[in-house]
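**Q** curious how this folds, go ahead:
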Amino acid sequence: IKVRSGQMPDAVVQQLPFRVGVRFDESITDFSYKEKLATGGTYSIDLNDASAEMLTSTFGDLFQEMILVPPGEDVPPVDILIEPTLSALEFVVPSQTISNDYAIWIKYQVKVYDSNGKIQADYLIPAYGKAPKDSFVGGTKGALSVAADRALRDASTGLLTRFVVDAKLEGRQLRPVQVAERPAPAQTEPHSDEPDTTSDEVVESELS
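**A** Numbers count the residues shown, from 1 in each chain. As a prediction, this is how the structure comes out:
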């Protein structure tokens with residue numbers, strides 16, 4: 001089967017005020033897996049760039065600014081660099097179990113580096129998806145494709161809900177965000193000859 005990542009729903013999360021770089025390797029941009037089962041049949045799962053699409057959408061929702069860094073190129077100034085890789089993929093079909101489901105497990109390894117290039121987190125994101133036999137157009141191929149898409153969505157949910165903790169970003173002091181100068185209010189009273197003593201004001205907020 002060739003897996004095409006479905007459109008990820010817009011995440012309802014508060015974006016983190018980070019400028020992040022994200023770098024993919026071939027396990028993310030071009031992954032395929034083939035296995036001949038003892039119970040009969042050979043199965044091929046080709047994720048293509050479905051992982052890259054999922055991760056790009058997820059990190060785009062999670063951070064205020066995201067930059068894709070091509071392999072081998074220098075990393076631009078960023079707050080953190082994220083390097084995800086696909087470390088494992090497993091699947092089962094109904095003939096292997098007593099269930100009526102096709103199921104897929106995907107495991108991603110996520111490395112996070114600080115602005116100085118020092119690694120600050122290295123952890124795994126497990127993902128799982130299943131689909132009932134003969135419940136989708138395309139039979140086995142359709143069910144496996146749906147199971148894979150659900151696993152990708154599960155991985156996205158894990159990143160969105162756990163990244164701050166897993167990447168050790170809790171309590172990290174972020175750079176101040178300067179708010180644009182407020183425009184002067186419209187004049188509603190007759191002009192006064194008294195000197196204006198109001199000074200321009202710049203408001204800064206500290207995000208954490």
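
**Q** can you tell me the element the residue nearest to Tyr108 when sequence neighbours are not counted falls in?
**A** Among residues not flanking Tyr108 along the chain, Ile125 sits closest, at 4.4 Å (CB to CB, 6 or more residues apart in numbering). Heads up, the C-betas are built off the backbone N, CA and C, glycines and all. Assigned by DSSP states H and E, Ile125 belongs to strand 119-132.

**Q** list the contacts of Tyr108.
**A** Ser51, Pro84, Thr85, Leu86, Ser87, Leu124, Ile125, Ala127, Ala155 (CB atoms under 8 Å, 6 or more residues apart in numbering).

**Q** what's the pLDDT at it?
**A** For Tyr108, the pLDDT comes out at 98.

**Q** go on, Thr157?
**A** Reading off the confidence values, Thr157 has pLDDT 94.

**Q** burial of it, as a residue count?
**A** Close neighbours of Thr157, defined as other CB atoms under 10 Å, add up to 15.

**Q** cool, and Lys36?
**A** 10.

**Q** again, but for Gly41
**A** Gly41 - counted by other CB under 10 Å - has 11 other residues nearby.

**Q** next: Gln64.
**A** 13.

**Q** Val13 is in contact with that one, correct?
**A** No. With contact defined as CB atoms under 8 Å, Gln64 does not count as touching Val13 (11.7 Å).

**Q** report the buried residues of the longest helix seen in the chain.
**A** Counting by DSSP state H, the longest helix found in the chain is helix 139-166. By 16 or more other CB atoms under 10 Å, the buried positions in helix 139-166 come out as 140, 142-156, 158-160, 163, 166.

**Q** the residue nearest in space to the middle of the chain: what secondary structure?
**A** In the chain, the residue lying closest to the centroid (CA atoms, centre = their mean) is Thr58, at 3.0 Å. Following DSSP: H, G, I helix; E, B strand; the rest coil, Thr58 is assigned to helix.
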